[in-house]
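Sharing a model that was predicted from the sequence below.
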2 protein chains.
Amino acid sequence: MTRQQLVAQIFQKKSYLCVGLDTDITKIPKHLQSHPDAVFEFNKQIIDATKDYCVSYKINTAFYEALGVKGWEAMERTTNYIPDTHFKIADAKRGDIGNTSTQYAKAFFETMNFDAITVAPYMGADSIQPFLEYKDKWTILLGLTSNKGSADFELQRVIQQSKVGVESAELALDVASHKTEFLYERVLRKASEWGTPDNLMFVVGATQADEFTNIRTITPNYFYLVPGVGAQGGSLKEISEKAMISECGLLVNASRAIIYASEKEDFAQEAAAIAQQYQVEMQQYIKQ
Amino acid sequence: MTRQQLVAQIFQKKSYLCVGLDTDITKIPKHLQSHPDAVFEFNKQIIDATKDYCVSYKINTAFYEALGVKGWEAMERTTNYIPDTHFKIADAKRGDIGNTSTQYAKAFFETMNFDAITVAPYMGADSIQPFLEYKDKWTILLGLTSNKGSADFELQRVIQQSKVGVESAELALDVASHKTEFLYERVLRKASEWGTPDNLMFVVGATQADEFTNIRTITPNYFYLVPGVGAQGGSLKEISEKAMISECGLLVNASRAIIYASEKEDFAQEAAAIAQQYQVEMQQYIKQ
C-alpha cells in the first residue's frame, strides 16, 4: 500500500485506528475456545465487526508463535482475510544481519502479504535495509516505545556527533555545548537517512506524550504507529494534538481494549462499539 | 540445560562449536530440493554427520519463516530431532513489551523445546525479564554484533551515569572525566543486573576481536555466543585467546561454512569434515 492510498483511507473513514490482533487463546470467549480453528474464528468475527471503524490491523506475531504450527496457520489465514483496503502490519520486531533480514522480509512481504513489519534498530543500517528495498511495503522502526524499559536504553543520552573511539576534550565540548541526544533521537535521525516518509514509519508509544512534540520536530513528515492507548494508559487526545500533520501521520493502535471488550458471546458487537468510540473521537481531531 | 551440563559437554567433546542451521531451500543440494520435506531432510543429515563435533545447534528462525507454515513445521521437527545432549538455540532476535515477550518465551521454551533464544535489548528490562524467568533456559542478549551496522548504534558512546533529562555542566564533567561508554557496554552492564551467568549469555560477533578483551573484563563469567567465524571472516584463534575462561565461556557458531561445504550429494560428509576441523582447532585452545 502506498502512502497516498493509506492517507485516502484515513480521510475517507475519518479514522486512524489500528486494531491490534493480540489474540490469546486463553482470553477469547469460552464458547470459542473449543472451536477447531478458534484463533482465526475469533479474528474473523473481530475483523467483520470493526473494519468500518479502522484503517489498519496489526498482528502481534508472538501470540501466534506461542501456538506453534497451528498459530502460524491462523496468522496466515487472518492476514489473507483482512480486506486489502486495510493496512496490514506484522508486529514482529524482527532485525538481524543483512542476509537474515532478507529472509524475514521475504516471510512477511512475499510468503505473507503484509504491508508493513515492525523492526528493532539495535543492529543498524544493514539489518534494516532489506526491508526498505520492497516497493510499496513499509518498515516500522522502533523509536520510543511505551514500556517502562524504554528508560534503560532508548532514553539514555548519546554523544550527538559520531566520534567512535575519541575520548577527549573534544567530546567534553560536545556535551558542554548540549550536543547530546537520546538514543531514540539518534535512531530517528539515522533511520531518516536510510528510508523516506514513503517507506518508513516509527513506533512511538502513547505513554511518551512528553516527547511527542520533539519527535514531530525531528521527523516532520513521517507516520507513527502509536501503541499504548487503552490498556497501557496513553491519551489519544494529547497524542493527536501534538503529533498530527496535514496527512494525519498517525496510526493509533488499540488491542486489548477492543478485542477483549467483552468475554461473552457479544464480544464482536462490543469490540465494534469500542472501535466506533475511537473513530468518533478521532474524527474530531482529523484536520481536513 | 544447566551451565554445568553445557560445560561438561564442552569438556567431554573438547569442542565449543555451534552449528548454525540457516537452511535456505535454494542453497541446499539439488537432489534434495524436490524432497517433500527438503529442509528437515537436509537438517537431519547435517545433524547426523556433525553431532560428534559440536555441542550446540542454532536455528535461524528467519530461514524457516520465509517458507511459511511448512517452514515452521520443519523448524519444530528439526528442534525435536536435535539430541538432548546438544544446546538448542533459537536465533530469533525477539523482544517486545512484557506481555508479548511472555508469549515469545512460551513459543520457544514451551511449545518448542529450545534451551535458549537470542533477544534484542533495545526495549529494556521488562522486554527481557519474561525470558529470564524460565528455569534452566537461557536468554542470549545481543551485545556487539558482527555486522557493519554495529557502528550505527551499538558502537555509539553514551553518557555512563544515567542522567535522563539533565543537560548541564554535570554531564560535561562526566565526559571530561572519560565517563562515557559504548552503547553495547551499557547493555552488558545493565543486563548483568537482570540475569546471571547461569541464565544469560551475550552475542558477540567474531569480527569484533578488538573489543573482546574489554568485553571479558565487563562480563567475566558469562558465556558468549560468537557468530561471524567462517563466511563473515572472524578468527577463531584470536577470539579464543582473548575471551576463553576456565569454564570455556564460548560457543562459536559457524553456519554457511559447514552446512554449504558441498553442493553435491556428499554435503553431509563435507559438513562433518569442516565441523571436525573446527573441533580439532578448538581442542588446542581449551584449557582443562
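Nice, I can see it.

ok, longest helix in chain A?
Ranked by residue count and defined by DSSP state H, the top helix of chain A is helix A:267-285.

and that one, average pLDDT?
For helix A:267-285, the mean per-residue pLDDT is 98.

what number of residues lie near the residue lying closest to A:Ile286 once chain neighbours are set aside?
Closest residue to A:Ile286 apart from its sequence neighbours, by C-beta to C-beta, 6 or more residues apart in numbering or on different chains: A:Lys14 at 5.6 Å. Heads up, the C-betas are built off the backbone N, CA and C, glycines and all. Neighbour count for A:Lys14, taken as other C-beta atoms under 10 Å in any protein chain shown: 16.

where do the strands sit along the stretch 51-200 of chain A?
In the stretch 51-200 of chain A, the strands defined using DSSP state E, counting those that start in this stretch lie at A:56-60, A:87-94, A:116-119, A:138-144, A:157-159, A:180-182, A:200-204.

got JSON lines for these, with mean pLDDT and distance to chain B too?
Listed next are the strands of the stretch 51-200 of chain A as JSON lines, based on pLDDT from 0 to 100; distance: least, C-beta to the nearest C-beta, whole Å:
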{"stretch": "strand A:56-60", "mean pLDDT": "98", "distance to chain B": "6"}
{"stretch": "strand A:87-94", "mean pLDDT": "98", "distance to chain B": "5"}
{"stretch": "strand A:116-119", "mean pLDDT": "98", "distance to chain B": "9"}
{"stretch": "strand A:138-144", "mean pLDDT": "98", "distance to chain B": "6"}
{"stretch": "strand A:157-159", "mean pLDDT": "91", "distance to chain B": "5"}
{"stretch": "strand A:180-182", "mean pLDDT": "93", "distance to chain B": "6"}
{"stretch": "strand A:200-204", "mean pLDDT": "98", "distance to chain B": "10"}
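
can you put those in CSV and add distance to B:Lys190 and mean neighbour count?
CSV is the format used below for the strands of the stretch 51-200 of chain A (distance: least, C-beta to C-beta, whole Å; neighbours: other C-beta atoms under 10 Å in any protein chain shown):
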stretch, distance to B:Lys190, mean neighbour count
strand A:56-60, 26, 26
strand A:87-94, 19, 25
strand A:116-119, 22, 28
strand A:138-144, 17, 26
strand A:157-159, 15, 24
strand A:180-182, 16, 22
strand A:200-204, 21, 26
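
could you redo those as TSV and give each row distance to B:Arg186?
What follows is the strands of the stretch 51-200 of chain A, written out as TSV (distance: least, C-beta to C-beta, whole Å):
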stretch	distance to B:Arg186
strand A:56-60	28
strand A:87-94	20
strand A:116-119	21
strand A:138-144	17
strand A:157-159	10
strand A:180-182	13
strand A:200-204	21
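
Can you tell me how far the nearest residue to A:Leu250 once chain neighbours are set aside is from A:Pro121?
With C-beta to C-beta, 6+ apart as the criterion, A:Leu250 has its nearest non-adjacent residue at 5.0 Å, and that residue is A:Tyr16. Taking C-beta to C-beta, to the nearest Å as the measure, A:Tyr16 falls 24 Å from A:Pro121.

Between the two, which is the more surrounded one?
Remark: of A:Tyr16 and A:Pro121, A:Tyr16 carries more neighbours, 30 against 27, as counted by other C-beta under 10 Å.

any idea of the pLDDT on that one?
98.

Likewise for the one 10 residues further on?
A:Thr26 carries a pLDDT value of 94.

and what of A:Ala172?
For A:Ala172, the predicted pLDDT is 52.

residue boundaries of the helices in chain A?
A:3-13, A:30-33, A:38-50, A:61-65, A:69-81, A:98-106, A:125-132, A:169-176, A:183-194, A:212-218, A:236-243, A:256-259, A:267-285.

show me where pLDDT drops low in the stretch 101-250 of chain A?
Low-confidence segments of the stretch 101-250 of chain A, defined by pLDDT under 70: A:161-178, A:231.

what about 90?
Residues of the stretch 101-250 of chain A that meet the criterion pLDDT under 90 lie in A:159-180, A:209, A:228-234.

Determine which of the helices of chain A approaches B:Ile218 most closely.
B:Ile218 sits nearest to helix A:183-194 of all those, at 18.8 Å, using C-beta to C-beta.

which parts of the closest one are buried?
A:183-188, A:190-192, A:194 (16 or more other C-beta atoms under 10 Å in any protein chain shown).

cool, stretch A:263-273 as well?
Buried residues in stretch A:263-273, counted by 16+ other C-beta under 10 Å: A:267-268, A:270-273.

Just to check, A:Asp52 is in contact with A:Lys13?
Yes - between A:Asp52 and A:Lys13 there is a contact at 7.3 Å, judged by C-beta atoms under 8 Å.

okay, these two: which has more neighbours?
The residue with more neighbours, out of A:Asp52 and A:Lys13, is A:Lys13; 20 against 12, by other C-beta under 10 Å.

Tell me which residues touch the more buried one, please.
Residues near A:Lys13 by C-beta atoms under 8 Å, 6 or more residues apart in numbering or on different chains: A:52-55, A:279.

could you redo the last one with a cut-off of 6 Å?
By C-beta atoms under 6 Å, 6 or more residues apart in numbering or on different chains, the contact list for A:Lys13 reads A:Val55.

May I have the predicted confidence score for A:Tyr260?
Taking A:Tyr260 on its own, its pLDDT is 97.

Give me the residue at the spatial middle of chain A.
The centre of chain A sits closest to A:Leu225, judged by C-alpha atoms, centre = their mean, with a distance of 3.9 Å.

ok, so what distance separates it from A:Met201?
A:Leu225 sits 6 Å away from A:Met201 when distances are taken as C-beta to C-beta.

okay, and the common contacts of those two?
A:Ile140.

who's in contact with A:Lys135?
Going by C-beta under 6 Å, 6+ apart, A:Lys135 touches no other residue.

Equivalent analysis for A:Ser127, please.
Residues in contact with A:Ser127 (C-beta under 6 Å, 6+ apart) are A:95-96, A:101, B:149.

and if you look at A:Ile218?
Contacts of A:Ile218 by C-beta under 6 Å, 6+ apart are A:Leu188.

let's go with 8 Å and repeat that
A:185, A:188-189, A:192.

ditto for A:Glu65
By C-beta under 8 Å, 6+ apart, the contact list for A:Glu65 reads A:71-72, B:103-104, B:107-108, B:111.

burial of the residue nearest to A:Met75 when sequence neighbours are not counted, as a residue count?
Counting by C-beta to C-beta, 6+ apart, A:Tyr64 is the residue found nearest to A:Met75 once chain neighbours are left out, at 4.1 Å. By other C-beta under 10 Å, the residues close to A:Tyr64 number 25.
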